[in-house]
Each structure stands twice: as C-alpha cells, then as structure tokens.
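Q: the sequence and its predicted three-dimensional model are supplied below.
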Amino acid sequence: MLSSAMVLVGNTCAQTYPAKPIRMIVPFAAGGPADATARTLAPRLSEFLGQQIIVDNRGGAGGILGIDLTAKAPPDGHTTMLMSSSFVIFPSTHRTLPYDTFRDIAPITDVVQAPFTLVIHPSLPVRNAGELAKLARAKPGELLYPSAGVGGTNHLAGVQFSLLAGVKTEHVPYKGTGPALMDLAAGHVHFQFSMVLAVAPLVQAGRLRMIGIASAQRLADFPDVPTVAESGVPGYESGVWFGFFTGARVPRDIVGRLHGETVRVLALPAVRERLSPGGAQLGGRKPDDYAVYLRNEVAKWAKVVKAAGITPE
C-alpha cells in the first residue's frame, strides 16, 4: 500500500508540475559561459514547460554556494541548477562540502561539453601530442605549461597529460586564462590545454600552433588536427562542460519531465547553433546514464588532483 501511495503522489506531482516559476541557479557571476548557457536554455525551456524560468546568479566559493542552495531547496522541482565541470572536481579539492555530491544533488542531463585543444609555442619542434610527450621525456621537468590557477580545469588537464604520457612537466599558475595564453604566445612557457574559442585568434595569427584535440573524435572545424589520444597518449580526454541538476529528493517523474523538455530544447537549430561553436558537443544523456558518467569523472579527477599534489582546502 505504501509503495502504491508513493507512486500516486509522484504521478500527481508530475501532472501538476510546474505549478509556479522555476529557478535556474547559476553558481557564477553573470556574463560568463555558464550564465550564457543558462540564458540560452531558459526562454525555450520556459515555453515547453509553460512556466517562467528565472536565471538566478549565485556566485560564491567557486560554485559551491549555488550547489548548496540547490541541495537545500524544497524538493518540488522548482529549483534547478546549471553547473560546470567543477562539480566533479570539488570532492577532491575540498576536505568537506556543505552538501553530499551524489546524495543531495540529482543529475537531469548534460547540456554541452567543449573539449580542450593542445596548443604550443611555434618554436617547439613537435607536431602532435606524442612528439610533445617524447620531448618531455628527453627534458624532464623543463617543459612548462600555464593555467588560469591551481586546481582549475586546464591545470588538471596538464597534470592528466603528464600522468597518461608518463612524463614530468612543470605547472605555472596565472591569474586567468588570458595572461597565461599571452605568456605562451611570448614563448615564456611551452604548451597549454585551453578551449578552442580562447586560442583560435592566436592560432590564426600564427602566434600559437594547435597540435591536438582533447576529445574522442577530431573536430570538424580542424579535421587535420589529431586527437591527443590517437597521436600517442591513449585515453586522454579533457575539457569543460555544463550540466543541468536539481535536488536529489525531487520526484523522479519531475526529473524525467525536466530531462525530456531539455532534450527538446537542445534539438532546436537556434540552440544548437548558439551552444556548439568551437567544437562543443551538445548533451542529452538520461539522468541515470549521466549519474554514471559523473561518478566516473569524480574518480578520474581524484587521481589527477592527488597526482598534482593539491592539498584539499
């Protein structure tokens, strides 16, 4: 009797959902890529759900504040979250979190994933990731790679490369991607993993050379650039992504409704065009499949963070 009652309650919730405007928390300041992604989804998702979607920027603690707000919101599906790939790194970089990554947060679907590209200073005598690894083995600790800061995605992408390639390289942290790329273009450091949109102008100007794509397949925009994995570092993939989440106690029927409508939005040509420049891939995984992916990502980055010697805060 109890299970039948719970099913009835769940079905009733799904039939009446949404009953009011839906809050989409973005755990970062307005104007960044997460915010732009959310504001691309929100108006279309609002049309399909029949309720207004309010984008709520709640920056703080690198995104942890917004995740915690989502975890503690009433479990009625009227609070959702658009979060970055930092979600799967936080469990390794923080001793304690105010929420449990899997017990308190429920995945709805992945939205978009943008692979990193491997770029080098043109003076470096290598043509692909395999040759870069070979050079690094010949010069242990001499090749430098910059990042936007310790523990960030492009820092950990460099650590992951060194782990899988079996080489020793040195990390140089900067206060942002822009300064890091400028020093790379000036020849003060040697290679970097960064998003296509960030490096494209410097590549086109000949100030940097793109020698690898950090995804499973080559990019249509750069068909002659091999993937890092195919050119000598098997298993290598890295980049940034944005996913759609809600609280873990939200009824599964509502999570399913949110998933289905989000997939409809991602299929719209205008949305695909807006969200997939520079080789970005749109998502749509089912909630359970996305949960498996996220658990694997947490485990993967835990190894990378440990290898980087990053002390949890």
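A: Received it, and whenever you're ready, just let me know what you need.

Q: the stretch 1-150 of the chain: helices as residue ranges?
A: Secondary structure of the stretch 1-150 of the chain, counting by DSSP state H, counting those that start in this stretch: helices at 2-16, 33-49, 64-72, 90-93, 129-138.

Q: mind checking which of these is nearest His155?
A: helix 90-93 (10.7 Å; Cβ to Cβ). Every residue, glycine included, has its C-beta placed from N, CA and C.

Q: distance between that closest one and the chain's centre?
A: The chain centre lies 14 Å from the centre of helix 90-93; the measure is Cα atoms, centre = their mean, to the nearest Å.

Q: now do it, average pLDDT.
A: Average pLDDT, helix 90-93: 94.

Q: circling back to that earlier point, just put the helices of the stretch 1-150 of the chain in CSV and tack on distance to Gly284 and mean neighbour count.
A: CSV is the format used below for the helices of the stretch 1-150 of the chain (distance: least, Cβ to Cβ, whole Å; neighbours: other Cβ atoms under 10 Å):
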stretch, distance to Gly284, mean neighbour count
helix 2-16, 20, 11
helix 33-49, 12, 19
helix 64-72, 21, 21
helix 90-93, 24, 20
helix 129-138, 29, 19
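
Q: run through the stretch 51-200 of the chain and note the low-pLDDT ranges.
A: Scanning the stretch 51-200 of the chain for pLDDT under 70 picks out nothing.

Q: quick one, strands of it?
A: Secondary structure of the stretch 51-200 of the chain (DSSP state E, counting those that start in this stretch): strands at 53-57, 79-84, 105-120, 144-147, 170-173, 191-195.

Q: so for Gly260, which of the ones you listed sits nearest?
A: strand 105-120 (9.3 Å).

Q: angle of that closest one against helix 33-49?
A: On the basis of axes from the mean of the first three to the mean of the last three Cα atoms, to 10 degrees, strand 105-120 is oriented at 140 degrees to helix 33-49.

Q: note down every partner strand of strand 105-120 and its orientation.
A: Using DSSP bridges, the strands paired with strand 105-120 are strand 191-195 (antiparallel), strand 209-213 (antiparallel), strand 239-247 (antiparallel), strand 281-282 (antiparallel).

Q: highest mean neighbour count out of those strands?
A: The highest mean neighbour count among the strands paired with strand 105-120 belongs to strand 191-195 (a mean of 26), with neighbours defined as mean count of other Cβ atoms under 10 Å.

Q: can I assume Leu82 is in contact with Arg39?
A: No - applying Cβ atoms under 8 Å, one finds Leu82 not in contact with Arg39, separated by 9.4 Å.

Q: any chance of the strands paired with strand 105-120 in TSV, plus distance to Val111?
A: Formatted as TSV, the strands paired with strand 105-120 follow (distance: least, Cβ to Cβ, whole Å):
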stretch	distance to Val111
strand 191-195	16
strand 209-213	20
strand 239-247	5
strand 281-282	7
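
Q: these: which one's closest to Leu275?
A: strand 281-282 (6.0 Å).

Q: buried residues in the helix or strand that that closest one is followed by?
A: Per DSSP states H and E, strand 281-282 leads on to helix 287-308 as the next helix or strand towards the C-terminus. Within helix 287-308, the residues scored as buried using 16 or more other Cβ atoms under 10 Å are 287, 290, 293-294, 298, 300-301, 304-305, 308.
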